[in-house]
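# output the structure for:
(chains A and B)
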Amino acid sequence: MVPPLVRDVLGMGPIGAVLLGAPVVALAASVVALCSRGALGRAGCVAAASAFGVSLVGAWAAVHGSRERFVESMLHPDLASPTWPSLTLARAIVAEHAGAGTALLLVPLIAAAVAVTWTRGAHGLGSRAFACGLAGAVALPAWMAAHASFVASAAALSVSWQDCDARCRYDAAMASSEALDAVRPWLLVAGTVTAAAAVALVAIRRRPGTARMRVGCLVLGAAGLIAYGCTRALAGDAAHPLPFEETSSWMGGDLDALPTAHSACELIDGVVVYVSKSGVVSVDGAWATDLRAQLDTKRLLWLQIHPGRAFPGTVVLVAPAALPANLPLGVLGVAREAGYPHVLAATAKPVATVLSRTLGPIARPARLCSAPITEGAVVGSDRWSDRVEP
Amino acid sequence: MRLTGPRVQERVSLPPARTRSSLAADVVCTAVACAGSVLVALALLDASAYGRFLISLLVR
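This next block holds a predicted model:
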């Protein structure tokens, strides 16, 4: 089976073959240089350095091309919905992957700089060619990881947006973001290989390093520590994204009056039947003079609009927590008779505060949720809230 | 033509000899530099993953 990377790159024609072969040439040149103890000829040095350059160009081209495709998929016309912050979301994800691409390209570049600095004058051009070739070879897994990450993102987000609700889009974005985590092991492997090679080069070096070289290395190490420390808060928040919670389209009253939601908030789409404190029943905001007839009408209308599809038959029963249970349970019986087997109780999740490391406390507003209903007798209480399963 | 006569003492500036301590210092410094470069890359990667948190803020 041909890996997606190879298939895509070969699809670019002769340029693709060159881009694909460059890291291989770079790796071969570094092996030859190592075996010849740094005595690689001038032609070999030029080949290794050229392969290194082409490797970086190939990595950049892959990242750039994938990003373009990603932007194209994100800015699809279907996304131009007022309820979906498409441009903001696209900007966030593109920035995310641009950063990943930069990180992936940075590793071989820094490694090459370090290795070339240390090998200057030690074994002549051969050692420097080895350093360049090795760094170019390290670029190969980084390139593959970046490409795989982009392809996964584009595939996850290129789902049919017309059939994709907010939950579906949230899941797709999370899945694409998780693909980014796959890059981390590649980074560590590339860094370890490069570090081992650089240390080996230093060990076989005849002359000791100058004070400037050592200070430069320590500065680079300190910069890494500072950069890593400064991004811990970002990493902490990235590891704990806010859970998805649907926004409520129901604006029919005070959420505090509803039974409290204890489990994860999930709102099922269905016909909303509201029972007021005084026992007045309304369906989707309209006063229900004949509940059974109105539910029948809605069911028939749904079947006409969606021919050939199974009727979901879901009713969300909105009733104050303190209401006697017999009123909503009566509505439940009518709904069952009208062909709505799934009747859920509307519950409210109270205002909550999530503590983030970068933005501080984030207030989450009260939300309308749904929960199953206990139809059996409840001893000692006849309140509606006692019939809603926790 | 072969030159004969008194041998010319040629001063050659040889590089300083590499001691064990200088080798250890070089190896440590190189390892520190490589670790630093990897830490910079990891920091960039983490900063990039922050987009996941921003998305979760937006989609709600």
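
# what segments of chain B are helices?
Applying DSSP state H to chain B gives helices spanning B:20-58.

# confidence score at A:L225?
Predicted confidence (pLDDT) at A:L225: the value is 90.

# show me the contacts for it.
Going by CB atoms under 8 Å, 6 or more residues apart in numbering or on different chains, A:L225 touches B:36, B:39. (Glycine included, C-beta is placed from N, CA and C.)

# isn't there a helix covering it?
Yes: read with DSSP: H, G, I helix; E, B strand; the rest coil, A:L225 is one of the residues of a helix.

# now do the same contact list for A:V334.
A:V334 makes contact with A:291-292, A:295, according to CB under 8 Å, 6+ apart.

# now it: phi and psi?
Backbone torsions for A:V334, taken as degrees, to the nearest 10, come to phi -60, psi -40.

# okay, it: pLDDT?
A:V334 is assigned a pLDDT of 89 by the prediction.

# how much space is there between it and A:F311?
Counting by CB to CB, to the nearest Å, the gap between A:V334 and A:F311 amounts to 17 Å.

# A:G191 against B:A41, yeah?
Yes: the pair A:G191 / B:A41 is scored as a contact, 7.0 Å apart, by CB atoms under 8 Å.

# who's in contact with the residue nearest to A:N326 when sequence neighbours are not counted?
Spatial nearest neighbour of A:N326, chain neighbours left out: A:D382 (7.2 Å); criterion: CB to CB, 6 or more residues apart in numbering or on different chains. Residues in contact with A:D382 (CB under 8 Å, 6+ apart) are A:324-326.

# can you list those in CSV and add secondary structure?
CSV is the format used below for the contacts of A:D382 (three-state DSSP):
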residue, secondary structure
A:P324, strand
A:A325, coil
A:N326, helix
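
# what's the ChimeraX line that selects buried ones from those residues?
Buried members of the contacts of A:D382, identified by 16 or more other CB atoms under 10 Å in any protein chain shown, are gathered into one ChimeraX selection as follows:
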select /A:325
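
# follow-up on the earlier one: the residue nearest to A:N326 and chain B, how far apart?
Using CB to the nearest CB, to the nearest Å, one gets 36 Å for the distance from A:D382 to chain B.

# doesn't A:A322 make contact with A:S385?
Yes: with contact defined as CB under 8 Å, A:S385 counts as touching A:A322 (7.2 Å).

# these two - which one has more neighbours?
When neighbours are counted by other CB atoms under 10 Å in any protein chain shown, A:S385 comes out ahead of the other of A:S385 and A:A322, with 19 against 11.

# now A:V316, what are its backbone angles?
Backbone torsions for A:V316, taken as degrees, to the nearest 10, come to phi -100, psi 120.

# where does A:Q294 land in three-state SS?
Judged by three-state DSSP, the three-state class of A:Q294 is helix.

# what sits against it?
By CB under 8 Å, 6+ apart, the residues touching A:Q294 are A:283, A:286, A:288.

# that one and A:V193, how far apart?
Where A:V193 is concerned, A:Q294 sits at a distance of 70 Å (CB to CB).

# same thing with A:G224?
17 Å.

# looking at those two, which is more packed in?
In this comparison of A:G224 against A:V193, neighbours counted by other CB under 10 Å, the higher total goes to A:G224 at 23 against 16.

# which residues are in contact with that one?
Contacts for A:G224 (CB under 8 Å, 6+ apart) come out as B:35-40, B:43.

# tell me, which of the residues you listed make contact with chain A?
If you filter these for contact with chain A, counting by CB under 8 Å from any CB of the partner chain, you are left with B:35-40, B:43.

# redo these as a markdown table? Include distance to B:A25, pLDDT and neighbour count.
Formatted as a markdown table, the ones next to chain A among the contacts of A:G224 follow (distance: CB to CB, whole Å; pLDDT from 0 to 100; neighbours: other CB atoms under 10 Å in any protein chain shown):
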| residue | distance to B:A25 | pLDDT | neighbour count |
| --- | --- | --- | --- |
| B:A35 | 16 | 82 | 19 |
| B:G36 | 16 | 80 | 24 |
| B:S37 | 19 | 73 | 26 |
| B:V38 | 21 | 78 | 23 |
| B:L39 | 21 | 82 | 22 |
| B:V40 | 23 | 75 | 23 |
| B:A43 | 26 | 79 | 24 |
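
# identify the farthest-apart pair in the residues you listed.
The most widely separated members of the ones next to chain A among the contacts of A:G224, counting by CB to CB, are B:A35 and B:A43 (12.3 Å).

# for the residue nearest to A:I373 when sequence neighbours are not counted, what are its contacts?
In this structure, A:I373 finds its nearest non-sequential neighbour in A:A345, 5.0 Å apart by CB to CB, 6+ apart. A:A345 sits next to A:259, A:316-317, A:319, A:328, A:370-373, A:384, A:387-388 when contact means CB under 8 Å, 6+ apart.

# now, those residues that are in strands?
Counted as lying in strands by DSSP state E, out of those, are A:316-317, A:370-371.

# could you dump those to a markdown table with distance to chain B and pLDDT?
Shown next, in a markdown table, are those (distance: CB to the nearest CB, whole Å; pLDDT from 0 to 100):
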| residue | distance to chain B | pLDDT |
| --- | --- | --- |
| A:V316 | 20 | 86 |
| A:L317 | 25 | 85 |
| A:S370 | 17 | 78 |
| A:A371 | 20 | 80 |
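
# can I get those residues in a markdown table with neighbour count?
Formatted as a markdown table, the ones in strands among the contacts of A:A345 follow (neighbours: other CB atoms under 10 Å in any protein chain shown):
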| residue | neighbour count |
| --- | --- |
| A:V316 | 22 |
| A:L317 | 25 |
| A:S370 | 23 |
| A:A371 | 21 |
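
# got CSV for those residues, with distance to A:P241 too?
Compiled in CSV, these are given as follows (distance: CB to CB, whole Å):
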residue, distance to A:P241
A:V316, 27
A:L317, 32
A:S370, 23
A:A371, 25
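
# interface residues of the stretch 201-350 of chain A facing chain B?
Counting by CB under 8 Å from any CB, the stretch 201-350 of chain A sits next to chain B at A:202-203, A:205-209, A:213-214, A:216-218, A:220-225, A:227-228, A:230-232, A:234-235, A:237-245, A:247.

# which ChimeraX command selects the buried ones in those residues?
Only the buried entries of those go into this ChimeraX selection, using 16+ other CB under 10 Å:
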select /A:202,205,208,209,213,214,216,217,220,221,223,224,225,227,228,231,234,235,237,238,241,242,244,245
